[in-house]
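Visitor: only geometry, no sequence info:
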């Protein structure tokens, strides 16, 4: 059976840059990931993509592949590639632990919790020299509720690594991750020994760094340990003052709206935000949004007409006309 061309698999030209190869791989990997795609050949296509990228991302392997095509692995394993005059083709001379060309992808099979990471085993051994694996970074998305209460996640990772025969093979791992209370957006959880495998037989595995991303929430926006929310009030509640219900992360409280509150005024619920390590908590900042009724009754119209006749308030006297923004309701 004819072996498919790696460039054809990724849909790139033979002079494609490393960035172009990486972008093409990411696009197709999302499309054909076995846990996302409905294509009956998704598993085979995903393996082909991983194998093609593994070869073309590495300058040494790519040069061999461009020269020998499908027979590049056999040529790689020939003794003359390890001669003193051919150091450009072999990792056996990287005694200093130079693995800067190694990289990897962690594809999360639980609703794309992870974005593409960096760092994975390249399949090359250091010929008897133990070398530690590199740190690997990925991103995990968590809800505000998980940050507020704390949570435990079971994550299943499926990666593709080069096996002893030089072919890509799937490796599945299950990790138990604890989400600490009050962790902030951008913070990092370190999982020791869960990153790139070491080489040489006794090389220590690197760590997996999970960068926290707090997912969008319909009620709150998190900034540090503070939560921001917008609550609608009626014109008479804003004018006369009122106690209005406001949802928090652990129930509903009554917020006191001062008399004469303007649209956009911000009020603070202290200690109702996200927890901190010292036992305290951030605040909830409530922005008031004064809303008019869509429809009014005859009696309501009469009362508004009476106000219009008796009130001396002219908003254009105090608030002059000015340029506005382009946001819409």
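Guide: Sure, I can see it. Remember, predicted model here, so these are calculated numbers, not experimental data. Residues are numbered from 1 along each chain as shown.

Visitor: secondary structure class for residue 176?
Guide: Under DSSP: H, G, I helix; E, B strand; the rest coil, residue 176 falls in the strand class.

Visitor: the residue nearest to it when sequence neighbours are not counted: how many residues sit nearby?
Guide: Leaving aside its sequence neighbours, residue 176 sits nearest to residue 154 (C-beta to C-beta, 6 or more residues apart in numbering; 5.8 Å). Any C-beta I mention is one placed from the backbone N, CA and C, and that applies to glycine too. Residue 154 has 9 neighbouring residues, counting by other C-beta atoms under 10 Å.

Visitor: ditto for residue 285
Guide: Counted with other C-beta under 10 Å, residue 285 comes out at 19.

Visitor: isn't it right up against residue 226?
Guide: Yes. Judged on C-beta atoms under 8 Å, residue 285 makes contact with residue 226 at a distance of 6.1 Å.

Visitor: buried residues in stretch 206-219?
Guide: Neighbour counts over stretch 206-219 (16 or more other C-beta atoms under 10 Å) mark 206-212, 214 as buried.

Visitor: so what's the spatially most central residue of the chain bridging to?
Guide: Residue closest to the average C-alpha location in the chain (C-alpha atoms, centre = their mean): residue 139, at 4.3 Å. Per DSSP bridges, the residues bridged to residue 139 are residue 211.

Visitor: pLDDT score for it?
Guide: We have a pLDDT of 82 for residue 139.

Visitor: again, but for the one 10 residues further on
Guide: What the model reports for residue 149 is a pLDDT of 92.

Visitor: without its sequence neighbours, what residue ends up closest to it?
Guide: Residue 149 sits nearest to residue 181 (C-beta to C-beta, 6+ apart), 6.8 Å away.

Visitor: one more: residue 175?
Guide: Nearest non-adjacent residue to residue 175, counting by C-beta to C-beta, 6+ apart: residue 155, 4.8 Å away.

Visitor: thought the one you found was touching residue 174?
Guide: Yes. If you go by C-beta under 8 Å, residue 155 and residue 174 touch, sitting 7.2 Å apart.

Visitor: neighbour count: those two, which is higher?
Guide: When residue 155 and residue 174 are compared for neighbours, residue 155 comes out ahead with 19 against 8, by other C-beta under 10 Å.

Visitor: against residue 253, how distant is the more buried one?
Guide: In this view, residue 155 and residue 253 are 35 Å apart by C-beta to C-beta, to the nearest Å.

Visitor: so what's the predicted local confidence for the residue nearest to residue 175?
Guide: 78.

Visitor: and it, helix, strand or coil?
Guide: Quick answer, by three-state DSSP: residue 155 is strand.

Visitor: would you map the strands across the stretch 101-250 of the chain?
Guide: 107-108, 136-142, 151-162, 168-179, 188-191, 208-214, 221-223, 226-233, 242-248 (DSSP state E, counting those that start in this stretch).

Visitor: where are the low-confidence patches of the chain?
Guide: By pLDDT under 70, the low-scoring segments of the chain are 1-3, 35, 74-130, 158-162, 166, 168, 197-202, 326-329.

Visitor: residue ranges of each domain in it, please.
Guide: The record's domain parsing of the chain by automatic domain parsing lists 100-215, 221-294.

Visitor: endpoints of the shortest one, how far apart?
Guide: Pointing back at domain 221-294 there. Criterion C-alpha to C-alpha, to the nearest Å; first-to-last residue distance in domain 221-294 is 28 Å.

Visitor: just how off-centre is it within its chain?
Guide: 29 Å (C-alpha atoms, centre = their mean, to the nearest Å).

Visitor: quick thing: my sequence starts at 742, can you match it?
Guide: Yep, numbering from 742; the last one is domain 962-1035 now.

Visitor: and the closest residue to residue 933 other than its chain neighbours, what does it touch?
Guide: The shortest distance from residue 933 to any non-neighbouring residue, by C-beta to C-beta, 6+ apart, is to residue 948 (5.3 Å). Residue 948 makes contact with 876-877, 931-936 under the criterion C-beta atoms under 8 Å, 6 or more residues apart in numbering.

Visitor: for the strand or helix carrying residue 1048, what is the distance to the chain centroid?
Guide: In this structure, residue 1048 sits in helix 1039-1051 according to DSSP states H and E. Remark: helix 1039-1051 is offset 53 Å from the chain centroid, using C-alpha atoms, centre = their mean.

Visitor: for stretch 956-972, same thing?
Guide: Using C-alpha atoms, centre = their mean, the offset of stretch 956-972 from its chain centre is 18 Å.

Visitor: mind listing what's buried in it?
Guide: So for stretch 956-972, counting by 16+ other C-beta under 10 Å, buried means 961, 963, 966-970, 972.

Visitor: which one among the residues you listed gets closest to residue 765?
Guide: Of all those, residue 765 sits closest to residue 963, with 35.0 Å by C-beta to C-beta.

Visitor: and the closest residue to that closest one other than its chain neighbours, what does it touch?
Guide: Nearest residue to residue 963, sequence neighbours excluded (C-beta to C-beta, 6+ apart): residue 955, at 5.1 Å. Counting by C-beta under 8 Å, 6+ apart, residue 955 makes contact with 882-885, 888, 925-926, 963.
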